[in-house]
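S.K.: A predicted structure for the sequence below; I have some questions about it.
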Amino acid sequence: MAKTKKQAFANIMHTEEHEKSDKGSVLRQIILGGQDGLVNVLGIVLGLAAGTNDRGIVILGGLAATFAESISMAAVAYTSGKAQKDYYYKELEREKYEIKHFPDVEREEIRLIYMKKGFKGKDLDAAVNTICSDEKQWLETMMSEELGLSESKDIKPVNEGFVVGFSAIIGSLIPMALFFLPGEPKAMMLPAIAVSIVALFATGAYKAKSTLGSWWKSGIEMAVIGIAAALVGYGVGVLVGANI
């Protein structure tokens, strides 16, 4: 009965940890796509506005960058996730082979791992015997402790590609929105920067509240880094526009 309760508690804790891991992964993907899309497109529209002051060109260039950037980010997220998953299973098969064909060598590796953790004498022997008596546990220990790799079932390349790509589109449209309004593009530059600063700050603050750190420091850091990167595009537009 006690064992059943203990197992039930372990399952609940595992489920909660899994949910937290999923939420953290999705948050990372949203920030990655949204921040990248916003910063890149803001730099492009600022550069075009400064260099041409033509609303049609700014909108065309911004939209082209929005979809090119979003598809590119989605593709990178998909391929990197797939590569990580493939690498994990390749190493898993290698470890399975080595445990089956070179058990003494792999057993000694477990011993060395737990020696470094401070196990000695009978405690060390007991730890090694316990782990190596269960092939699944042995394999999981080799993967996590020796290679530093965790279970890749949580990696979903298609989902990651979609989340990153969609977030990039949303992020890109934040600085673009004001340029759809009537008026000269140059007049929209400062409002676009202001809106982008607010969006970046809010994203950084939310990230800190969901993870660790000071929310206002994280917000300022993300806003400063993002705007500094975007202003490079503005600088290029000013320099090139003055010479064409």
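M.R.: That came through fine.
S.K.: next helix or strand past the least confident helix or strand in the chain by mean pLDDT?
M.R.: Of all helical and strand segments in the chain, the minimum by mean pLDDT, DSSP states H and E falls on helix 2-52, at a mean of 70. Where DSSP states H and E defines the elements, the next helix or strand beyond helix 2-52 is helix 55-101.
S.K.: residue ranges with poor pLDDT in this structure?
M.R.: Scanning the chain for pLDDT under 70 picks out 1-24, 152-154, 211-212, 241-244.
S.K.: what are the buried residues along stretch 113-126?
M.R.: Going by neighbour count (16 or more other Cβ atoms under 10 Å), the buried part of stretch 113-126 is 113, 114, 119, 124. (C-beta placed from N, C-alpha, C; glycine too.)
S.K.: which residues are in contact with the first one?
M.R.: Contact criterion Cβ atoms under 8 Å, 6 or more residues apart in numbering gives 141, 145, 146 as the residues in contact with residue 113.
S.K.: let me know the closest of the residues you listed to residue 34.
M.R.: Using Cβ to Cβ, residue 145 comes nearest to residue 34 of the contacts of residue 113, at 35.3 Å.
S.K.: spatially nearest residue to the closest one (excluding sequence neighbours)?
M.R.: Once flanking residues are discounted, residue 145 sits nearest to residue 113: 4.9 Å by Cβ to Cβ, 6 or more residues apart in numbering.
S.K.: equivalent analysis for residue 195, please.
M.R.: Closest residue in space to residue 195, ignoring its immediate chain neighbours: residue 174 at 6.2 Å, by Cβ to Cβ, 6+ apart.
S.K.: so how far is the host helix or strand of residue 187 off the chain centroid?
M.R.: According to DSSP H and E, residue 187 maps onto helix 185-210. With Cα atoms, centre = their mean, to the nearest Å as the basis, helix 185-210 stands 20 Å off its chain's centre.
S.K.: just the element for residue 218, please.
M.R.: Residue 218 belongs to helix 215-241, assigned by DSSP H and E.
S.K.: buried ones in that helix?
M.R.: Per 16+ other Cβ under 10 Å, helix 215-241 contains these buried residues: 215, 218-223, 226-227, 230, 233-234, 236-237.
S.K.: could you dump these to JSON lines with distance to residue 45?
M.R.: Listed next are the buried residues of helix 215-241 as JSON lines, based on distance: Cβ to Cβ, whole Å:
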{"residue": "215", "distance to residue 45": "29"}
{"residue": "218", "distance to residue 45": "26"}
{"residue": "219", "distance to residue 45": "23"}
{"residue": "220", "distance to residue 45": "23"}
{"residue": "221", "distance to residue 45": "23"}
{"residue": "222", "distance to residue 45": "19"}
{"residue": "223", "distance to residue 45": "18"}
{"residue": "226", "distance to residue 45": "14"}
{"residue": "227", "distance to residue 45": "13"}
{"residue": "230", "distance to residue 45": "9"}
{"residue": "233", "distance to residue 45": "8"}
{"residue": "234", "distance to residue 45": "9"}
{"residue": "236", "distance to residue 45": "12"}
{"residue": "237", "distance to residue 45": "9"}
